[in-house]
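Q: fold the following and give me the result.
(one chain, ligands or ions: 1)
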Amino acid sequence: MVNDLKKLFITGCNGQLGREINRFYADKNGIELVNTDVDELDITNIKAVMDMIESEKPYAIINCAAYTAVDACETNQDIAFKVNVLGPRNLSIAAKAVGAKMVHISTDYVFDGTKLTPYFESDPICPQSVYGETKAEAEKMVTMFSDRFFIFRTAWLYGDGKNFVKTMLRLSEDHDEVRVVEDQFGTPTSTVELVKAIDSILFTDNYGIYHATCEGSCNWAEFAREIFRLAGKNVKVTGITTAEYNAPANRPAHSVLENRMLKAVGGYTFCEWHEAIKTYLDELLK
Ligand SMILES: NC(=O)c1ccc[n+]([C@@H]2O[C@H](COP(=O)([O-])OP(=O)(O)OC[C@H]3O[C@@H](n4cnc5c(N)ncnc54)[C@H](OP(=O)(O)O)[C@@H]3O)[C@@H](O)[C@H]2O)c1
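A: Numbers count the residues shown, from 1 in each chain. This next block holds a predicted model:
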């Protein structure tokens, strides 16, 4: 009998996306998962990466590891560079060495946010923050060093871990009012929906860069209002400007992504963001 078990090698398995990948593939026939986070494999260490990938010889590497604290990246630039740039470079070199597919996750923050219509995969990138710069540099590394890659640019991600939704719910415990930025537009995307999209393309040879967010768009204040409405919390959301919020890192004002490649190549359509957040909160609050 032919053994067609496909081994997926996960980095950053304890993060939001890593956990969802595990949930999604846990009961799927024909899939074997190898889980690593920084304690098992520090992706910044090229020798450790090469040794482990050469020993495991996976079908695909799914890089869920990253330094995702956008504001902290401004001050911890060395760590951001090592984890977000050298890490994916190391994994891409290792992927190529063993003939594995390379899956990497990027972000809407590679764009400057000045385009008022949704960004296509082919639009020029122009990051505005250290985090965005490292993710943009990583895209170059992945395309340069691996030959069978999928780069998924996602946005405003929430799942099992630290995220905006959890922050809003926590604030609702002791606040009647919260002030939330209303001049940044994007698309909240659940890890559940992102993993379905990754799965739709992972086992094909349609390599390339994919935008991968839920459908529709909103600003952060609108997102917060929807979270409180769905969670039955009576919290007033007062919209403020980016300048008033005064975060250390610049963020794009309008980074809505059009999933043109997923639709055209894979015939895949995400659900609308309202639907995804309802599903998430139904599960979280039941
Ligand atoms: N979160 C968002 O809103 C968002 C938006 C767009 C794109 N993305 C991208 O989506 C991907 C997944 O994001 P996420 O929200 O799931 O991230 P996350 O929850 O922050 O998880 C990242 C994981 O990587 C681990 N890690 C950090 N440094 C490492 C290293 N040197 N070696 C191995 N593992 C390391 C982290 O461990 P520690 O926790 O111990 O550091 C954590 O478990 C990332 O590429 C991110 O840039 C995220």
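Q: okay, and Lys140 sits in which element?
A: Assessed by DSSP states H and E, Lys140 sits inside helix 130-145.
Q: next SSE downstream of that helix?
A: strand 149-154.
Q: what's the helix or strand following that next one in contact with?
A: Counting by DSSP H and E, the next helix or strand C-terminal to strand 149-154 is strand 157-158. Outside strand 157-158, the residues that touch it by C-beta atoms under 8 Å, 6 or more residues apart in numbering are 16-17, 163-166, 188-191, 194, 277, 280. C-beta: built from backbone N, CA, C; applies to glycine.
Q: could you redo the last one with a cut-off of 6 Å?
A: Val165, Thr189, Ser190 (C-beta atoms under 6 Å, 6 or more residues apart in numbering).
Q: okay, those in JSON lines with distance to the ligand, pLDDT and neighbour count next?
A: What follows is the contacts of strand 157-158, written out as JSON lines (distance: C-beta to the nearest ligand atom, whole Å; pLDDT from 0 to 100; neighbours: other C-beta atoms under 10 Å):
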{"residue": "Val165", "distance to the ligand": "11", "pLDDT": "98", "neighbour count": "23"}
{"residue": "Thr189", "distance to the ligand": "8", "pLDDT": "98", "neighbour count": "25"}
{"residue": "Ser190", "distance to the ligand": "11", "pLDDT": "98", "neighbour count": "27"}
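Q: so which of those residues sit within helices?
A: The helices, defined by DSSP state H, take in Val165 from these.
Q: buried residues, the host helix or strand of Val192. List them.
A: Following DSSP H and E, one finds Val192 within helix 191-202. Residues of helix 191-202 classed as buried: Thr191, Val192, Glu193, Leu194, Val195, Lys196, Ala197, Ile198, Ser200, Ile201, Leu202 (neighbour count, 16 or more other C-beta atoms under 10 Å).
Q: closest to the ligand among those residues?
A: Ranked by distance to the ligand (C-beta to the nearest ligand atom), the buried residues of helix 191-202 are led by Thr191 at 6.7 Å.
Q: not counting sequence-adjacent ones, nearest residue to the closest one?
A: Nearest non-adjacent residue to Thr191, counting by C-beta to C-beta, 6 or more residues apart in numbering: Gly159, 3.0 Å away.
Q: so what's whatever residue of the stretch 1-150 of the chain ends up closest to the ligand up against?
A: Closest to the ligand within the stretch 1-150 of the chain is Gly15: 1.9 Å, counting by C-beta to the nearest ligand atom. Contact analysis of Gly15 by C-beta under 6 Å, 6+ apart lists Cys64, Gly161.
Q: how about the residues of the chain by the ligand?
A: When proximity is defined by C-beta under 6 Å from any ligand atom, the chain lies next to the ligand at 11-12, 14-17, 37-38, 42-44, 64-68, 83, 87, 105, 107, 135, 154-157, 161.
Q: any residues touching stretch 204-223, and which ones?
A: Outside stretch 204-223, the residues that reach it (C-beta under 6 Å, 6+ apart) are 121, 148-149, 151-155, 180-182, 184-185, 187-189, 193-194, 197, 237, 239, 256-257, 259, 261-262, 265, 270, 272-273, 276.
Q: now, of the residues you listed, which are buried?
A: 121, 149, 151-155, 180-182, 184-185, 187-189, 193-194, 197, 237, 239, 256-257, 259, 261-262, 270, 273, 276.
Q: just for the stretch 1-150 of the chain, where's the confidence low?
A: Applying pLDDT under 70 to the stretch 1-150 of the chain flags the ranges 1-3.
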